[in-house]
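[1] dropping a prediction and its sequence here:
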Amino acid sequence: MNKLFSVILLASLISSHAFTAPSRAASPVKPFSGRVISLRMSEEPTTSEVAEVAEPIDPMDAALEAMDDVDSETRKQLEKMKRAQELREQEVFMKKSTGKHMCTNCDWEYDETKGDSMMIGGMIKPGTTFVDLPADWRCPVCRASKDAFQEVVEEIPGFEVNQGYGFGSNSWTAGQKNLAIFGGLGVFFLLFLSGYAMS
């Protein structure tokens, strides 16, 4: 029993010293003297290094200065890129009104050709433009005011200056162009198959 007690006492003494902080007898804690010492990771930069950091070099200026050193092929490529950017900025899509206005709250569409007489309590006859609606008119579904509607427009792709050229197909919408292309292919396919029916 004494051996067991001595082993437990010895283990507790050893374990108690294992988890205590080491003593700082060599460096006692000094009271704050009011003087702050700043510590740095590296040396102080010199005034010439500070001047270099203060004046950053603009990459566009460097590219323009290096433009004198480029060969003629690179210069042509840069000029083509500049011209392509100018053409992209000129490309303005025409917007064509569909005669419909959509409510931003409930997505109900007011169609000028139908009016709202098909709705319960609708008093607007077909053929009434959205501008001619009374000021107190409201959406028949969600009762939103007239200014909560946005006009539904179709974009006509291509340059606006080119819309008048051609056989009138430049002013077609994307859906009309798709119908003409794929409809033409379908008609050609039917004519091609009808040639087999003749024999």
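    That came through, no problem.

[2] and Ala148, how far is that from Gly99?
    18 Å (C-beta to C-beta, to the nearest Å). Using the backbone N, CA and C atoms, a C-beta is placed for each residue, glycine as well.

[3] out of those two, which sits in the busier spot?
    Set side by side, Ala148 and Gly99 show more neighbours around Ala148, with 16 against 13, by other C-beta atoms under 10 Å.

[4] touching, the more buried one and Cys106? I think so.
    No - assessed by C-beta atoms under 8 Å, Ala148 is found out of contact with Cys106, at 9.3 Å.

[5] need the overlap of contacts for the two.
    In terms of C-beta atoms under 8 Å, 6 or more residues apart in numbering, Ala148 and Cys106 are both contacted by the residues Cys139.

[6] ramachandran angles for Glu154?
    phi -110, psi 140 (degrees, to the nearest 10).

[7] please renumber so the chain begins at 58
    Sure, I'll start counting at 58 from here, so that last one is Glu211.

[8] so what pairs up with it in the strands?
    Lys153 (DSSP bridges).

[9] Tyr167 too?
    His158.

[10] okay but it is in contact with Asp173, surely?
    Yes - Tyr167 lies in contact with Asp173 (C-beta under 8 Å); the separation is 6.5 Å.

[11] where exactly do the strands run in this structure?
    151-160, 166-168, 206-213 (DSSP state E).

[12] which residues are contacting the shortest one?
    Looking back up the chat, that one is strand 166-168. Contacts to strand 166-168, defined as C-beta under 8 Å, 6+ apart, come from residues 156-160, 173, 187, 190, 206, 209.

[13] and which of those residues is nearest Tyr222?
    Comparing these against Tyr222 with C-beta to C-beta places Gly156 closest, at 26.0 Å.

[14] if I look at that closest one, how far off is Val188?
    11 Å.

[15] Ala141 too?
    When Ala141 is compared with Val188 (using C-beta to C-beta), they lie 40 Å apart.

[16] understood, closing this out.
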